[in-house]
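Peer 1: Fold the following, please.
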Amino acid sequence: MAKSTKEHLEDTFNDLGTDELKSFKNKLCDRKKGAGIRKAQLQKVADAIDLADLMVRTFTSTGAVPVAIEILEAIGCNEPAAELKENAGHGLPVAQSRGDVVDYGASQGLKVELALSDDWHEQLHVVLCSQQFKNQIIKENGHEIYKVKEKYARKRLALLINNIDFDDKAMTRRGADKDEQNMEWLLKELDYQVVKYRNLSAKDMEKAVMDFARREEHAHSDSTFVVIMSHGKRDAILGVHYTASNPSDTFPVDNVYRCLNTEKCPGLRDKPKVILIQACRGGESGRLWASDGEPDEPVEIEGDDFVHKEKDFISLMSCTPDTKSYRHVENGTFYVQNVVDVLMKHAHKDHIEELFRKVIQRFESTEMMGSYKQMACKDRASLPKLFYLFPGL
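Peer 2: Model prediction:
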């Protein structure tokens, strides 16, 4: 069985001499890149097992190894550093300590490969669906699958709103530019034209969603994605003018659905509408927001034709109600990285609800999440059929 990150670190620390281990701990306290570990914490470390455990709890399983390698090389222990690189993997991005992780969005790496450089999207691609698979799944289960228009005949749109810079400078969402880059890349790979906004007030977010709902292209589309990333409260997304003295700059989550429902957005009637929201919903460890509204009654839209006012939605929130969502100050959020990685690798064969289940499953992993507790969750799902993206077709 392959060794865990903790076990690799224990082996490395056991091989260090007394003086080398002392130098390692001192350097860990003085670490300037990102943040180190407080001296009081290290004084409680009795052996290699304790030190390995502290490293993983502080920097997460993904970040502990590169931090250890960085410090080993800094104190001249190049051989142990090389061995750790070889045994535990040298491609991991250097993570920041808990002190540099903010409670509004998360991170690690877009899977290891995606965090290596700014041009990863030029090297990787969404796995494409084969025509054979599409034909087979439609033949076997076509009546339960949303129709996907042929590529040459459709005009898919996606809305992307990302709030990074706030009037209150302490609320700046460092690392959120990576989320924007990663999500825009994914949407384009899935053949959506991205309508993008940055740094909007609540009023401007409302207008952006309403304007998007009115776009004529939806009549020639088969689906849409709406992605909103910002700070948040339980049932609202914060605008960039939100402060303690201006708490009214909030955009209710409910308004996203109201703007895109059958009445306000007839072009997307009976078509899948995927809502992705990265924002906190409270102060407890973990995070998401959900709708508290009761299901809407059917309404008459034209003549004697009755249709459901709200249908064909599915949402994936970054965490559960009342909890936080974590964001790395350099690499972006756990949520966006996992969404992009899962869809990149599995959208060619899985429908959207299965893709979301795979994303949620990622948040169960203590190996990936370390001590950061966050659980993504589905919300307000009203898809009566299966939505396959069939990337490339």
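
Peer 1: Going by C-alpha atoms from here, please, whenever you check contacts or count neighbours.
Peer 2: OK.

Peer 1: domain assignment for this protein?
Peer 2: The chain resolves into domains spanning 5-95, 111-379 when parsed by automatic domain parsing.

Peer 1: mind listing the helices for the stretch 151-300 of the chain?
Peer 2: Secondary structure of the stretch 151-300 of the chain (DSSP state H, counting those that start in this stretch): helices located at 176-189, 202-213, 254-260.

Peer 1: Likewise for the stretch 1-150 of the chain?
Peer 2: 5-15, 18-30, 39-42, 48-74, 78-88, 111-114, 131-141.

Peer 1: Kindly compare burial across those helices and name the winner.
Peer 2: Highest mean neighbour count of the helices of the stretch 1-150 of the chain: helix 48-74, a mean of 22 (counted as mean count of other C-alpha atoms under 10 Å).

Peer 1: If you drop the residues flanking it in sequence, what lies closest to His241?
Peer 2: Using C-alpha to C-alpha, 6 or more residues apart in numbering and skipping the chain neighbours, the partner closest in space to His241 is Asp167 (5.4 Å).

Peer 1: Number of residues surrounding that neighbour?
Peer 2: 12 (other C-alpha atoms under 10 Å).

Peer 1: Could you measure from it over to Gln41?
Peer 2: 36 Å (C-alpha to C-alpha, to the nearest Å).

Peer 1: any low-confidence regions in the stretch 251-393 of the chain?
Peer 2: 283-308, 365-372 (pLDDT under 70).

Peer 1: what do you get if the cut-off is 50, keeping everything else the same?
Peer 2: Scanning the stretch 251-393 of the chain for pLDDT under 50 picks out 285-306.

Peer 1: Give me the pLDDT value at Asn14.
Peer 2: Per-residue pLDDT puts Asn14 at 90.

Peer 1: Check Asp30 too.
Peer 2: Looking at Asp30, its pLDDT reads 79.

Peer 1: swap in His121?
Peer 2: Reported pLDDT for His121: 52.

Peer 1: How about Ser248?
Peer 2: 95.

Peer 1: That one is in contact with Tyr242, isn't it?
Peer 2: Yes. Contact status for Ser248 versus Tyr242: in contact at 6.9 Å, counting by C-alpha atoms under 8 Å.

Peer 1: So these two - more neighbours on which side?
Peer 2: More neighbours surround Tyr242 than the other of Ser248 and Tyr242, with 20 against 13 (other C-alpha under 10 Å).

Peer 1: how about the nearest residue to the more buried one, chain neighbours excluded?
Peer 2: Asp249 (5.0 Å).

Peer 1: List the contacts of the one you found.
Peer 2: 201-203, 238-242 (C-alpha atoms under 8 Å, 6 or more residues apart in numbering).
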